[in-house]
Structure formats: C-alpha cells, structure tokens
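1. no FASTA, just this:
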C-alpha cells in the first residue's frame, strides 16, 4: 500500500520543468554576397573571418511542466524545433536563455542510437543494457521481456546491419524501455512498425506511466501519437502553438497541414495565430539560479 501511495504522490510532482527556455544559434550567412554574385569575394570574406552572421531561432522562449505518469506527444513540421526541445530536456545542449529542470537524468532513444551494426541484435541488447548501467544479472532477468517487446524472432541472431528501419527501431525501444526510466524521450524511433508492435509499445508505455514514468514521443505518425499519448505539444517554426488534449491538438494540426499542402498559406497563418491566442501561459515558480538542475535538489 505504501508503494501505491508513493506512486500516487509522485504523479502530482513535476518530472520536467521548462522555464522560459530558448535556443538561438549564431551562424554565418552568404546571403548578401550571394545576391551580388561575387563568389571570390564571398570565399575571401569567409577565409578572413569577416563573413556576415545571422541569428537562427531554433526554439523561441517557452515554458511548460511535464508530470510523472504522462505520455506527451511532440508534433510539428520538419525543422520546427522538436528535436532541439528534446536535446534541451535530456541535457545534450544548454538553452541560450531560461532553464530546464528534470527530476532525474532522462533516457533518450533516437533512430541514431549508437549500437554496433556488425553485431547481432542479441549482442546489441547486452551492449545497450550495459551502457545504461544494468549489471549482467539484471540483463539476464530482463532478457525475455526485451526479446518479447522487440518481437524479432530468430532475426535477433542476425547482424543489425541486415535489419530494416522498423526492426532497428523495435530493438532500440525494447532496450531503452528495459531500465524502467523515470523520463524516457523517444525521438522519431516509432514511426515504423506494424499494429502488433504498436500494441506491445502501448502496453509498455502504459506500464511506465503506471510506475509514474514520464514519456516524450516525437513522431510524424499522428496515429502513433493518438494511440500512445495522453497530451500533445505542437511546435512550429520554434514557437509553441499548443499544449493540451491529444484529439484537439491533432484535429487542428491536420487542418493546418492540409491548408499548407493545398497552398493556402493565408488560411494556415490564420490557424497558427488562433493556436497562439488559445495557448495558456504557464507560470513557473521561482527556483535557484542555474540552467539545469535536478528537481530533487
């Protein structure tokens, strides 16, 4: 009973707090010299270090609170800032301004997860689990569950380089989910896979949420987001447009992308403005200065 009470209490506690975080990159630009068409002048300016610089706002200032027990879908067009936000949450990069707080170190699962292509899936299970800090005994205890979740059958003994994108994503998810992470970030890794795999994935994510885990899922598959997520964050051109109920988010996102596909940018811009006007401001309680800290400190 004590364990259940602890889990219920944890669900009311934040897992991730983002306080007015923004990410701006300063990069060189050839725009002015490209207009003039003087290639030599452009090259000389670059070599001398005098090229023009521009600010690229990968993510504009945003605030949000993610709680234990939530499965949060992150949607948006390519280049919208989704992966930048995930990299901020997991600590791979530091925000240009603002702060990001997490209750524990997030586990990030991406399509480029560093496993060894020439080794079999079975060997990569061991390597991946060891890299996440599991002992040999713990790996042995969880071996069957990992294999069942991956669902690769006899292919688990083949080199990973022979796997399809879907097979690789299954294995990576099964490995990452083996440690019962408190905060799990899945970036574009579940866009492939059949209905059976999605069913097993949903069951595992439900288990994580029941244990008060928090999951962020970045995906272009709206069906995957709809099936797996309890909340959706929509980012567009670095701006947070929506944070709330899944069905509402997907309905507006489908309308937005439909207008863009049909070439009606005026209608798409109207939807974008409406989303920004509907967005509720999140007030973050003051915390000690510092860009990234544990909420438990």
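-> Now that the structure is in, tell me what you want to look at. As the structure is a computational prediction, the values presented were derived from the model and not from experiment.
2. which secondary element of the chain has the worst mean pLDDT?
-> Every helix and strand of the chain was ranked by mean pLDDT, DSSP states H and E. The lowest is helix 31-36, at a mean of 49.
3. which residues of the stretch 151-297 of the chain fall in helices?
-> Using DSSP state H, counting those that start in this stretch, the helices of the stretch 151-297 of the chain run over residues 165-176, 195-210, 222-228, 246-261, 265-278.
4. so which of those gets nearest residue 54?
-> Of all those, it is helix 265-278 that lies closest to residue 54, at 22.9 Å by Cβ to Cβ. No exception for glycine: its C-beta is placed from N, CA and C like everyone else's.
5. so which bits of the closest one are buried?
-> By neighbour count with 16 or more other Cβ atoms under 10 Å, helix 265-278 contains the buried residues 268, 271, 272, 275.
6. I'd like those as a markdown table, with distance to residue 60 and pLDDT appended.
-> Converted to a markdown table, the buried residues of helix 265-278 look like this (distance: Cβ to Cβ, whole Å; pLDDT from 0 to 100):
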| residue | distance to residue 60 | pLDDT |
| --- | --- | --- |
| 268 | 18 | 96 |
| 271 | 18 | 96 |
| 272 | 13 | 96 |
| 275 | 14 | 95 |
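7. nearest to residue 125, of the residues you listed?
-> For these, the nearest to residue 125 is residue 275 (41.7 Å; Cβ to Cβ).
8. who are the neighbours in contact with that closest one?
-> 234, 241, 242, 252, 256 (Cβ atoms under 8 Å, 6 or more residues apart in numbering).
9. okay if I get those residues as TSV plus distance to residue 77 and neighbour count?
-> Formatted as TSV, these follow (distance: Cβ to Cβ, whole Å; neighbours: other Cβ atoms under 10 Å):
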residue	distance to residue 77	neighbour count
234	10	24
241	11	24
242	14	22
252	14	19
256	9	23
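10. with distance to residue 209 and pLDDT as added columns, please give the residues you listed in TSV.
-> Shown next, in TSV, are the contacts of residue 275 (distance: Cβ to Cβ, whole Å; pLDDT from 0 to 100):
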residue	distance to residue 209	pLDDT
234	21	97
241	25	96
242	21	96
252	25	97
256	28	97
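11. in the protein, what spans have low per-residue confidence?
-> The model of the chain has pLDDT under 70 over residues 1-11, 28-52, 109-114, 188-195, 212, 285-297.
12. need the strands for it, in chain order.
-> Using DSSP state E, the strands of the chain run over 14-29, 52-67, 71-75, 97-102, 107-110, 183-187, 214-218, 231-236, 239-244, 292-294.
13. would you convert those strands into JSON lines that also reports distance to residue 147?
-> Output for the strands of the chain, formatted as JSON lines (distance: least, Cβ to Cβ, whole Å):
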{"stretch": "strand 14-29", "distance to residue 147": "29"}
{"stretch": "strand 52-67", "distance to residue 147": "30"}
{"stretch": "strand 71-75", "distance to residue 147": "24"}
{"stretch": "strand 97-102", "distance to residue 147": "30"}
{"stretch": "strand 107-110", "distance to residue 147": "17"}
{"stretch": "strand 183-187", "distance to residue 147": "19"}
{"stretch": "strand 214-218", "distance to residue 147": "21"}
{"stretch": "strand 231-236", "distance to residue 147": "31"}
{"stretch": "strand 239-244", "distance to residue 147": "37"}
{"stretch": "strand 292-294", "distance to residue 147": "33"}
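14. between those strands, which one is nearest to residue 164?
-> strand 107-110 (17.1 Å).
15. redo the buried residues of helix 265-278 as a markdown table? Include distance to residue 145.
-> Formatted as a markdown table, the buried residues of helix 265-278 follow (distance: Cβ to Cβ, whole Å):
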| residue | distance to residue 145 |
| --- | --- |
| 268 | 44 |
| 271 | 43 |
| 272 | 43 |
| 275 | 40 |
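16. would you confirm that residue 176 contacts residue 115?
-> No - taking contacts as Cβ atoms under 8 Å, residue 176 lies outside contact range of residue 115: 11.0 Å.
17. overlap of the contact sets of the two?
-> Counting by Cβ under 8 Å, 6+ apart, the shared contacts of residue 176 and residue 115 are residue 128.
18. who has more neighbours, the two?
-> Taking other Cβ atoms under 10 Å, residue 176 and residue 115 do not tie; residue 176 has more neighbours (21 against 18).
19. list the buried residues in stretch 79-98.
-> Within stretch 79-98, the residues scored as buried using 16+ other Cβ under 10 Å are 80-90, 95-96, 98.
20. just the helices of the stretch 151-297 of the chain: most buried one?
-> helix 165-176 (a mean of 22; mean count of other Cβ atoms under 10 Å).
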